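**Q** return atomic coordinates for the entry below.
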Amino acid sequence: MTTDPAAGYLALAERLADAAGDIIRPYFRAGVEIETKTDESPVTIADREAERAMRALIEAACPDHGICGEEFPAKAGDGEWHWYLDPIDGTKAFITGIPLFGTLIGLAHRGRPVIGVMEQPIIGERWLAGADGAVNLNGEAIHTSANDDLARASLITTAMSYYQPDQARAFERLSAAAGLTGMGGDCYAFGMLAAGFVDLVVECNLNEWDLAALVPIIENAGGVITDWQGRPLRFDGQVEISTALASANQALHAQALDLLQT
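**A** Okay, here's the model as predicted:
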């Protein structure tokens with residue numbers, strides 16, 4: 001590792017993304033067997049093998065770090081640094097041959113996400129956010145949109161099936177005020193927000209591994225990401241991670257929060 005631990009951990013996060021991509025690509029559009037987990041969500045061998053490979057790299061390089069991933073039990077670590085892994089965020093897209101899923105790799109320091117990697121291994125796109133506040137997409141610096149007019153804003157959510165009735169009503173209020181509403185994309189929609197092409201992303205019923213990598217990507221790009229109550233997404237046990245609102249800027253975020261809470 002370098003003198004700055006976070007810089008070394010960023011390099012490690014890229015190694016994790018490389019390893020996961022090498023495993024996932026041969027399984028894409030290859031007719032892999034689909035299993036159904038206890039929460040009724042699908043999983044494949046690609047999910048499990050990719051997460052297993054990433055965990056092995058972390059444990060070899062940083063044995064005292066905690067690990068929380070979608071497919072295997074959590075490892076507590078010493079509490080200082082904690083990795084959050086989602087090998088395939090958007091498994092439904094993966095199994096239907098649609099390359100809009102992503103591998104999410106987040107690292108939190110004392111509960112605050114400081115490093116984020118989002119990898120789309122089929123298209124060959126990598127979002128990389130470091131503890132120094134920088135963020136890039138395939139090496140090019142990116143920034144969120146400057147649009148602060150909700151009536152012209154683009155709004156994305158993955159699917160209404162994830163919403164409880166009261167959450168659906170809140171989303172419909174926001175959708176009615178926005179200029180354009182689209183469905184689908186999972187983590188890819190957040191990546192497009194960070195790159196300036198989407199203005200708002202709203203999700204609910206999420207887990208820590210769905211969000212940890214996205215926090216520094218959105219924040220470093222100039223955006224805002226909180227839960228629906230406006231609380232920062234921090235993984236210290238103080239806020240229950242379930243809902244997420246990502247906005248291109250603070251002005252849009254305030255308007256969206258107001259409608260989600262009305």
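**Q** pull the contacting residues for Gly124.
**A** Asn138 (CB atoms under 8 Å, 6 or more residues apart in numbering). Every C-beta, even on glycine, is put in place using the N, C-alpha and C of the backbone.
**Q** switch the cut-off to 7 Å
**A** Listed by CB atoms under 7 Å, 6 or more residues apart in numbering, Gly124 has no contact partners.
**Q** identify the bridge partners of the closest residue to Ala159 other than its chain neighbours.
**A** Computed as CB to CB, 6 or more residues apart in numbering, the closest residue to Ala159 that is not its neighbour in sequence is Met183, at 6.1 Å. Counting by DSSP bridges, Met183 is bridged to Thr157.
**Q** quick check: the nearest residue to Arg234 once chain neighbours are set aside vs Leu12, distance?
**A** Distances taken as CB to CB, 6+ apart put Gly111 closest to Arg234, at 5.0 Å, once the chain neighbours are dropped. With the distance defined as CB to CB, to the nearest Å, Gly111 ends up 20 Å from Leu12.
**Q** swap in Trp228?
**A** Trp228 sits 33 Å away from Leu12, going by CB to CB.
**Q** tell me which of those two has more neighbours.
**A** Shown here are Trp228 and Leu12; by other CB atoms under 10 Å, Leu12 has more neighbours (23 against 19).
**Q** quick check, the more buried one in a helix?
**A** Yes: looking at Leu12 with DSSP: H, G, I helix; E, B strand; the rest coil, it is inside a helix.
**Q** with adjacent residues omitted, what lies nearest to it?
**A** Nearest residue to Leu12, sequence neighbours excluded (CB to CB, 6+ apart): Ala61, at 5.6 Å.
**Q** same check, this time on Gln250
**A** Val224 (5.6 Å).
**Q** and the one you found, how many residues sit next to it?
**A** Neighbour tally, Val224, other CB under 10 Å: 21.
**Q** didn't it look like it was pressed against Ala248?
**A** No: Val224 is beyond contact range of Ala248, at 8.1 Å (criterion: CB atoms under 7 Å).
**Q** tell me how far Ala134 lies from Pro216.
**A** 10 Å.
**Q** so which of the two has more stuff around it?
**A** Taking neighbours as other CB under 10 Å, Ala134 and Pro216 compare with Pro216 leading, 28 against 14.
**Q** got phi/psi on the nearest residue to Ala6 once chain neighbours are set aside?
**A** Spatially, and ignoring its direct neighbours in sequence, Ala6 is nearest to Ala131 (3.7 Å; CB to CB, 6+ apart). Backbone torsions of Ala131, given as degrees, to the nearest 10, read phi -70, psi -10.
**Q** the stretch 151-262 of the chain: strands as residue ranges?
**A** Here the stretch 151-262 of the chain has its strands, by DSSP state E, counting those that start in this stretch, at 154-157, 180-183, 200-203, 224-226, 244-247.
**Q** outside of the first one, which residues touch it?
**A** Contacts made with strand 154-157 from outside it, assessed by CB under 7 Å, 6+ apart, are listed as 171, 174-175, 178-183, 185, 189, 198-203.
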